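K.L.:
test case, fold it:
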Amino acid sequence: MSSTPLLLTEYMPRSELVVERQTVTQPKFPVIDAHTHFGPLTNGPDFDTKYDTEAEVAKLRELGLEKVVTLEVAWDAELDRVFRKLEPCLDFFVVFGSVDVSRLDEPDFERSVWKTVSESKAKGVRGLKMWKNISLGMKDKDGKYVPIDDKRLQPIWQAAADLDLPILIHIADPVAFFRPIDQYNERYENLLKHPDWSFCAPELFTFEELMEQQENLIASNPNTTFVVAHGGSYSENLSQVAAWLRRYPNMHIDIAARLAEFGRQPYTSRRFFTEFQDRILFGTDYGPGYYDRTLYYEFLETWNEYFPYTRAPIPGQGRWNIYGIGLEDEILEKVYNKNAKRILKI
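P.N.:
I've put the predicted structure just below:
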């Protein structure tokens, strides 16, 4: 036995559990990935120099993808750049744009929102992407953080309803990002590596406050279709997400970047996917260079036990493995593509 204690970052246990594991390399049905980023949001201002569009699409088609939705906080000239970059394969991409919320306090904000959204739709945008920069960082002219249910943002939700465009919205991050970075935090390693991901600060909205704002937003805009990203913001508490989905028929969710959460609660997840099979969209949060969706396929299609949710040697979203939920074909096809086709009118 070594007398030298290991650092947590050095600890990489290998499971000795021996169980059967079904390999999945292709999905049972064509997939629409409703949460990807091929523009400036995650790839930076020089996104259009970082990848070859046709080569990316060829690799994604090989993985069983029929289309991807690229979610961009872009409008006007920047949105034009996105379309130019994707132009060789626009049959494969569904583009979401956004609006300039920094103009929130300007007197013509409502008019500018309508102009931006209507012009974006005319260019080919199929929905709006609203990002966490509003609820987790944006301040108004008085230096106050802007809640996502702020009445000044109402023109955005109304324009989306009037122009029949769904809104995919990211409001909060994992609950652990709002807790102290201490020995009790299940994302401790994650936050040590990315301390800027922590929102545990007295001046910021708490997670609970953000969830109240989220519910107020959806409840007060029944004619607007919302897809709440990342498991409805609260994949750690699917009973609460289920309550919202039962209460608000205009609410949908995607599963992007929450494989670790859904997969560690397989009984709850299976019940959840069964009840809300018409309201869940497949998504990954991947962009150029991230091709492997097979762990998502494995989770949705098999009964595999205790397998990694990532290829990384140290799982970044928590030190646990996941389990498959073996969805029936009828449900699986809805999650893979039918729900997205209905919401996006494909």
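K.L.:
now the strands: where do they sit in this protein?
P.N.:
31-36, 65-71, 93-97, 127-130, 167-169, 226-228, 251-254, 280-281 (DSSP state E).
K.L.:
so the third one versus strand 65-71, what angle?
P.N.:
I take that to be strand 93-97. 10 degrees (axes from the mean of the first three to the mean of the last three C-alpha atoms, to 10 degrees).
K.L.:
and the contacts of strand 93-97?
P.N.:
In this structure, residues lying in contact with strand 93-97 by C-beta atoms under 8 Å, 6 or more residues apart in numbering are 32, 38, 67-72, 74-75, 79, 82-83, 86, 116-117, 120, 123-129, 168, 344, 346. Where C-beta positions appear, they are placed from N, C-alpha and C, glycine not excepted.
K.L.:
please name the strands paired to it in the sheet, noting orientation.
P.N.:
strand 65-71 (parallel), strand 127-130 (parallel) (DSSP bridges).
K.L.:
tell me the gap between that strand and the middle of its chain.
P.N.:
Between the centre of strand 93-97 and the centre of its host chain there is 14 Å, according to C-alpha atoms, centre = their mean, to the nearest Å.
K.L.:
now it: mean pLDDT?
P.N.:
What strand 93-97 shows for mean pLDDT is 98.
K.L.:
run a quick neighbour tally on the residue lying closest to residue 135 once chain neighbours are set aside.
P.N.:
Nearest residue to residue 135 in three dimensions, chain neighbours excluded: residue 148, at 4.4 Å (C-beta to C-beta, 6 or more residues apart in numbering). Residue 148: 21 surrounding residues under other C-beta atoms under 10 Å.
K.L.:
next one: phi and psi at residue 148?
P.N.:
Main-chain dihedrals, residue 148, degrees, to the nearest 10: phi -70, psi -20.
K.L.:
mind checking how far it is from residue 231?
P.N.:
Separation of residue 148 from residue 231 (C-beta to C-beta, to the nearest Å) stands at 17 Å.
K.L.:
residue 36 now?
P.N.:
With C-beta to C-beta as the criterion, residue 36 and residue 231 are 17 Å apart.
K.L.:
repeat for residue 171
P.N.:
Using C-beta to C-beta, residue 171 is found at 12 Å from residue 231.
K.L.:
do residue 338 as well
P.N.:
From residue 338 over to residue 231 the distance is 19 Å, taken as C-beta to C-beta.
K.L.:
residue 313 too?
P.N.:
25 Å.
K.L.:
what about those two, which has more around it?
P.N.:
residue 231 (25 against 8).
K.L.:
show me what contacts the more buried one?
P.N.:
238, 241, 253, 254, 255, 258, 261, 262 are the contacts of residue 231 under C-beta under 8 Å, 6+ apart.
K.L.:
in JSON lines, list those along with pLDDT.
P.N.:
Converted to JSON lines, the contacts of residue 231 look like this (pLDDT from 0 to 100):
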{"residue": "238", "pLDDT": "98"}
{"residue": "241", "pLDDT": "98"}
{"residue": "253", "pLDDT": "98"}
{"residue": "254", "pLDDT": "98"}
{"residue": "255", "pLDDT": "98"}
{"residue": "258", "pLDDT": "98"}
{"residue": "261", "pLDDT": "98"}
{"residue": "262", "pLDDT": "98"}
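K.L.:
may I ask which two of these are separated the most?
P.N.:
The span of the contacts of residue 231, defined through C-beta to C-beta, is set by 238 and 254 at 14.1 Å.
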